[in-house]
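> My questions are about this predicted structure, shown below with the sequence.
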Amino acid sequence: MVTHGEFVRHDQRINLGPDRPEAKVEVRLKPAAKIRVMVYDAAGKPVARPSIIRLEALDGHAFIPPGRQRHLSAFASPAWTERSATGDFLFSELTEGEYSIDVLQTTPTATTYYGGVERIEVKAGEARLVKVRPTDSQTRVSVQVPEFPDELQKEVPAMVVISRNVGLLAWDDGLFHGLEDERLGRITLGALIYGPVSPGKPYQVGNLPPGTYSFFVGPAVALKGVKVEVAPGQEITVEVPWVKPARVAEVKLWRLHQRVELPAKQYTAEELCGLLTAAAKPGPVFIAQPSIRGQTLRLGPAKTSLWDVLERAYLDKGWTLVEEGEKMLILGPPSKPSKPARRTGNILPGHSHSHVVQACRPIDMVSHPLLCQGDDDLRCCVGGSPVGELGISPQHSEPGIVTLSLIVMLSARQ
């Protein structure tokens, strides 16, 4: 691992052993991009107020913010969230590419979406300034947090997790998950809204941008999910009742971060399970139920993680996963759909002009680069809020002119 404030972080795995006692490693660091986010009011004046500022990589690449968990790449996420006391934050050491920005304001019982930017592109070495002004989607979501057994409440907090990735519902398997479980990490990393709540009390989300979301609610070790569609000017009540999990999850999924190359084609469920099993060695093993073995799912061309593949299978086909013992996952047909969120009325009469509901798949692209087939599809599928004011800061460097090269000799000693 090599880091420098003006360059993109470099991570590389080197295997040393009897057959390779030493290795010469050359590292070429790429100039980093920077995005400064400032919160403005409707009149165009800076607002110094506590805010949560969130940056997300739209191509799904994971990164670790500077100064955090530098030794644990498992904490890498496509989203970087910061709490700013002044509504002003500089995101640095960024890879060139496309990003989205969200600004939220929170209290212990509520979160309000302030505004954001659907898409901003930065080049290597470039610095950009983003001015986020308030939006007015006129939406209100009330999440009814269920009560659960007192003995469980004493051990783990109740949580609410709201994500633009609907594919995460693939991991709502009705089981207990330890706090170190990879499924819990997958659900929470990159969430739009994530935090503790009080059992038996409602949690309010105001001005949430229209779109489709996954909501997870309940004790942290037994989150229950539901798909929620938010339309302009609507008030929605989300109810996720407590259901005691059947047992503790046993299958370890740490290998699902492995990436696979997927040529563009139709994959049968049986073929897909073989591909997943090979990529996840030494485990788990994936088996397709007889009822779906011959059904097909179109994937690729893409190089993507096994997490993304399984979530895509859920999104497109509704295929679900069931544990069988400690090392096997059964891919099966869709389960019974969950109860939809209850709409309790319009906040605004008629329609809202503050946001146009997108006709394409609005949010899957955020975590699934294999869903988009080109630049036009990319622009269409990025969900979020109306675009804020953009400006380019005067400091700018041409990409590729400056590189930092390091040559390191590694040695394995017995």
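Right, received. Where do you want to start?

> can I get the CA coordinates of stretch 256-269 in PDB?
Taking Å, rounded to 0.1, in the frame of the first residue of the first chain, the C-alpha atoms of stretch 256-269 are listed here in PDB:
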ATOM      1  CA  LEU A 256     -17.800 -12.700  -2.500                       C
ATOM      2  CA  HIS A 257     -15.600  -9.700  -3.000                       C
ATOM      3  CA  GLN A 258     -13.800 -11.700  -5.700                       C
ATOM      4  CA  ARG A 259     -14.300 -10.200  -9.200                       C
ATOM      5  CA  VAL A 260     -15.200 -12.300 -12.200                       C
ATOM      6  CA  GLU A 261     -15.000 -11.500 -15.900                       C
ATOM      7  CA  LEU A 262     -18.400 -11.900 -17.500                       C
ATOM      8  CA  PRO A 263     -18.700 -12.100 -21.300                       C
ATOM      9  CA  ALA A 264     -22.000 -10.800 -22.600                       C
ATOM     10  CA  LYS A 265     -24.400 -13.800 -22.900                       C
ATOM     11  CA  GLN A 266     -27.400 -15.600 -21.300                       C
ATOM     12  CA  TYR A 267     -26.400 -17.600 -18.300                       C
ATOM     13  CA  THR A 268     -28.500 -20.500 -17.000                       C
ATOM     14  CA  ALA A 269     -29.000 -20.600 -13.200                       C
END
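
> Pull out the buried residues from that stretch.
256, 257, 260, 262, 267, 269 (16 or more other Cβ atoms under 10 Å). (C-beta placed from N, C-alpha, C; glycine too.)

> partners of the helix or strand the third one falls within, with directions?
So the one you mean is residue 260. In the assignment (DSSP states H and E), residue 260 maps to strand 259-262. If you go by DSSP bridges, strand 259-262 pairs up with strand 302-305 (antiparallel).

> Give me the buried positions along the strand it pairs with.
Those would be 302, 304, 305, for strand 302-305 by 16+ other Cβ under 10 Å.

> same deal with stretch 235-252?
For stretch 235-252, by 16+ other Cβ under 10 Å, it's 235, 236, 238, 240, 242, 245, 249, 251.

> how near is the residue lying closest to residue 190 once chain neighbours are set aside to residue 67?
Nearest non-adjacent residue to residue 190, counting by Cβ to Cβ, 6 or more residues apart in numbering: residue 79, 4.1 Å away. Applying Cβ to Cβ, to the nearest Å, the value for residue 79 to residue 67 is 17 Å.

> Which one of the two is surrounded by more residues?
Neighbour totals were compared for residue 79 and residue 67, and residue 79 leads with 23 against 8 (other Cβ atoms under 10 Å).

> tell me the contacts of that one?
54, 55, 56, 57, 189, 190, 191 (Cβ atoms under 8 Å, 6 or more residues apart in numbering).

> before we move on, what about residue 12?
When contacts are counted by Cβ under 8 Å, 6+ apart, residue 12 touches 1, 25, 27.

> And residue 335, by the same measure?
Applying Cβ under 8 Å, 6+ apart to residue 335 gives the contacts 318, 320.

> mind listing the strands for the stretch 51-200 of the chain?
Taking DSSP state E, counting those that start in this stretch as the criterion, the stretch 51-200 of the chain contains strands spanning 51-57, 79-84, 88-94, 97-107, 110-122, 126-132, 140-144, 158-163, 193-197.

> Could I get those in JSON lines, plus columns for distance to residue 185?
As requested, the strands of the stretch 51-200 of the chain are exported to JSON lines (distance: least, Cβ to Cβ, whole Å):
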{"stretch": "strand 51-57", "distance to residue 185": "17"}
{"stretch": "strand 79-84", "distance to residue 185": "13"}
{"stretch": "strand 88-94", "distance to residue 185": "22"}
{"stretch": "strand 97-107", "distance to residue 185": "21"}
{"stretch": "strand 110-122", "distance to residue 185": "21"}
{"stretch": "strand 126-132", "distance to residue 185": "28"}
{"stretch": "strand 140-144", "distance to residue 185": "22"}
{"stretch": "strand 158-163", "distance to residue 185": "11"}
{"stretch": "strand 193-197", "distance to residue 185": "12"}
